[in-house]
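Asks: coordinates only, no sequence provided:
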């Protein structure tokens, strides 16, 4: 049979393990909170860049449309000039 003193030593060992585990988990939790904070900042930055990219894509589409319109007008003018023999 285990004596009361042995049982207290076993309990003490388990409490020490529990405290060490809690300490490790607290440190890991703090580290993960910092990482989440960092990643949220990165995410916000990427979202802003994505919005800027979408705006630039829209501008490119607009300029391509305008370019096509100008090209068609120039071709129409050239056709009219050819009809006049110029």
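Replies: That came through, no problem. In this text, all values refer to a predicted model and were calculated from it rather than measured experimentally.

Asks: any idea which element the residue nearest the centre of the chain lies in?
Replies: Centroid-nearest residue in the chain: residue 43, 3.5 Å away (criterion: C-alpha atoms, centre = their mean). Here residue 43, judged by DSSP states H and E, is contained in helix 4-84.

Asks: so what's the gap between that helix and the chain middle?
Replies: 1 Å (C-alpha atoms, centre = their mean, to the nearest Å).

Asks: flag the shaky bits of this structure, pLDDT-wise.
Replies: For the chain, the stretches flagged by pLDDT under 70 are 1.

Asks: can we see that at 80?
Replies: For the chain, the stretches flagged by pLDDT under 80 are 1-2, 86.

Asks: buried residues, stretch 64-83. List them.
Replies: Judged by neighbour count using 16 or more other C-beta atoms under 10 Å, stretch 64-83 contains no buried positions. Every residue, glycine included, has its C-beta placed from N, CA and C.

Asks: hang on, the earlier thing: look up how far residue 28 lies from the residue nearest to the centre of the chain.
Replies: 22 Å (C-beta to C-beta, to the nearest Å).

Asks: what's the answer for residue 62, then?
Replies: Counting by C-beta to C-beta, the gap from residue 62 to residue 28 is 50 Å.

Asks: need the three-state assignment for residue 2.
Replies: At residue 2 the chain is in coil, as set by DSSP: H, G, I helix; E, B strand; the rest coil.
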